[in-house]
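Trainee: Fold the following and give me the result.
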Amino acid sequence: MMLKGIIFVVFVALSFNVAAVCSATSCSGKGKDVLLSIYPNGSGNVYLQAPADRANLNCVLIEGHYMTLKQSHPLFKEIYSTLLTGIAANKHMTIRIKTGSAGCEVSYVRMFV
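Mentor: Numbering: from 1, shown residues only. The predicted structure follows:
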């Protein structure tokens, strides 16, 4: 009976969603936690609202909140598509930024399937 109790506690502990976390170089978490909003602006760039843990990022966020996916990025369409898919499917993602960049430029995105 005690074994069933331990298994139940472990199962419940593993079922909780872990909020997104940011380091100096990236933010990681489930799709709906790692990005609070996506804002395509008039210049063709896309602003990605970083999670509450964004102060750890080593870059200058737009308006103190947004990472930037630049339209000039060679993989712009692929990264944007991956972000939208990751949010819709609530997949675990890592968004890597260019360290020290103005606008907190997105370097690449990794989605775990």
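Trainee: Report the spatially closest residue to the one residue sitting closest to the centre of the chain, excluding sequence-adjacent ones.
Mentor: With distances taken as Cα atoms, centre = their mean, the residue of the chain nearest its centroid is Val34 (3.5 Å). Spatial nearest neighbour of Val34, excluding adjacent residues (Cβ to Cβ, 6 or more residues apart in numbering): Ala20 at 4.2 Å. For glycine as for every other residue, the C-beta is placed from the backbone atoms N, C-alpha and C.
Trainee: what's the neighbour count on that neighbour?
Mentor: 24 (other Cβ atoms under 10 Å).
Trainee: Distance from the chain centre to stretch 84-102, please.
Mentor: Mean C-alpha position of stretch 84-102 versus that of the full chain (Cα atoms, centre = their mean, to the nearest Å) differs by 4 Å.
Trainee: Contacts for it, please.
Mentor: 24-32, 34-35, 38, 48, 57-60, 67, 82-83, 104-113 (Cβ atoms under 8 Å, 6 or more residues apart in numbering).
Trainee: Of these, which belong to helices?
Mentor: Mapping the contacts of stretch 84-102 onto helices (DSSP state H) picks out 31-32, 34, 82-83.
Trainee: Could you give me the PyMOL syntax to select whichever of those residues are buried?
Mentor: Buried members of the ones in helices among the contacts of stretch 84-102 can be picked out in PyMOL with the line below, counting by 16 or more other Cβ atoms under 10 Å:
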select buried, resi 31+34+82+83
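Trainee: Let me see the confidence value for Ser15.
Mentor: In this model, Ser15 is scored at 38, pLDDT.
Trainee: Please disregard the earlier target; I meant Val9.
Mentor: pLDDT, Val9: 37.
Trainee: mind starting the numbering at 15 from now?
Mentor: Will do, 15 is the new start, and the previous item becomes Val23.
Trainee: where exactly do the strands run in the chain?
Mentor: For the chain, applying DSSP state E gives strands covering 35-36, 40-44, 51-54, 60-63, 80-83, 106-111, 120-126.
Trainee: Would you list the phi and psi of Ala64?
Mentor: Dihedral angles of Ala64 (phi, psi; degrees, to the nearest 10) stand at phi -70, psi 160.
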